[in-house]
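Student: Need the 3D shape of this:
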Amino acid sequence: MSLRSPRPLSQARPSWEPAISSRVVIRGVSHAFSTGGPVLQGIDLDLEAGSFVALLGPSGCGKSTLLRFISGLEAPSSGSISLLPQADGAAGSAAKLAFVFQDAQLLPWRSVLDNVALPLELQGVSRTDARERARGPLAEVELSDVHQRFPDQLSGGMRMRVSIARALVTEPEILLLDEPFAALDELTRQRLDERLRRLWLARRMTVIFVTHALAEAAFLAERALVMSRRPGRIVLDQPLELPLERTMELRTQPAFVAQTAILYRALAAHGALDDSHTPAEAGA
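Tutor: Reported below is the predicted structural model:
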């Protein structure tokens, strides 16, 4: 897959105003599976509206589980998670949220355009209007020219870009991504990292991105959270002091290497390199 050189940010911005982002406030979240024992322990976090946060940790430490709690797909054993609109700070459950999984999860019998339009159709938007509104997000991920194709006609990177466009079509205030680029080759992955970073700069929704890749976390995020091995606790809360606009050349800069080294040391100190403690149960 190839991506064209990024356009200047002013040209990449959509014509509509970005959706209001939301704070995510997590207080005392702990969880234990009925068969696998404790997976999360005492998670306390305040994620600012419009921030880009990377979540790292050893396999099985509860990163994906925490995302599912934030999304509302599941509930923790104890603690609370609040989504607080940026506008007035009042708690509410109506924050618009989208989830991108490791697998693109596209419907094979629907075209690219129809896959992106699907969330709007499920909300009751007419098929015609949903398809029209889907064209904007497709343009943002530079896939307008393949809108009539079907998923099996796309590369892995292109399918993931369709999945991101589908998440963006509802103009979410919070975007959750669970290792969406993990199965891709390194060059494709780096290009998608750059595209996702630019989409965040344009939209400024709150993003929480789970990854095992140190360089990916440092490149994408403004803040990196490192979790211990299971039961997962936050052991490092690191602001990433890097330029606002980032290109692939940044990965060769001393400042970038220094930031990734901080993350590496935290992961090494808390079990990421010791697979003898990796649990067999789910809950990455």
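Student: can you give me the strands in the stretch 151-284 of the chain?
Tutor: For the stretch 151-284 of the chain, the strands defined by DSSP state E, counting those that start in this stretch occupy 174-178, 206-210, 223-227, 234-239.
Student: Quick check: buried residues in the longest one?
Tutor: When burial is assessed from 16 or more other C-beta atoms under 10 Å, strand 234-239 yields the following buried residues: I234, V235, L236, Q238. All C-beta atoms are positioned from the backbone trio N, CA, C, and that covers glycine.
Student: right, and the second one touches M227 too?
Tutor: Yes. V235 is within contact range of M227, at 6.6 Å (criterion: C-beta atoms under 8 Å).
Student: Give me the neighbour count for the closest residue to L84 other than its chain neighbours.
Tutor: In space, and not counting its chain neighbours, L84 is closest to R23: 4.1 Å by C-beta to C-beta, 6 or more residues apart in numbering. R23 is flanked by 21 other residues according to other C-beta atoms under 10 Å.
Student: In its sheet, which strands sit next to the helix or strand harbouring R23, and in what direction?
Tutor: Using DSSP states H and E, R23 falls within strand 22-33. Strand 22-33 has the following strand partners under DSSP bridges: strand 37-47 (antiparallel), strand 78-85 (antiparallel).
Student: can I get these in a markdown table with mean neighbour count?
Tutor: Putting the strands paired with strand 22-33 into a markdown table (neighbours: other C-beta atoms under 10 Å) gives the following:
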| stretch | mean neighbour count |
| --- | --- |
| strand 37-47 | 18 |
| strand 78-85 | 17 |
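Student: weakest of those in terms of mean pLDDT?
Tutor: Lowest mean pLDDT of these: strand 78-85, a mean of 89.
Student: C-terminal to it, what's the next element?
Tutor: Defined by DSSP H and E, the subsequent element after strand 78-85 is strand 97-100.
Student: From the rest of the structure, what touches that following strand?
Tutor: Contact with strand 97-100 is made by 67, 70-73, 83, 119, 163-164, 167-168, 170, 172-178, 180, as judged by C-beta atoms under 8 Å, 6 or more residues apart in numbering.
Student: average pLDDT across it?
Tutor: What strand 97-100 shows for mean pLDDT is 94.
Student: Could you check how far the closest residue in space to R68 that isn't next to it in sequence is from A95?
Tutor: In this structure, R68 finds its nearest non-sequential neighbour in E74, 4.7 Å apart by C-beta to C-beta, 6+ apart. With distances taken as C-beta to C-beta, to the nearest Å, E74 is found 17 Å from A95.
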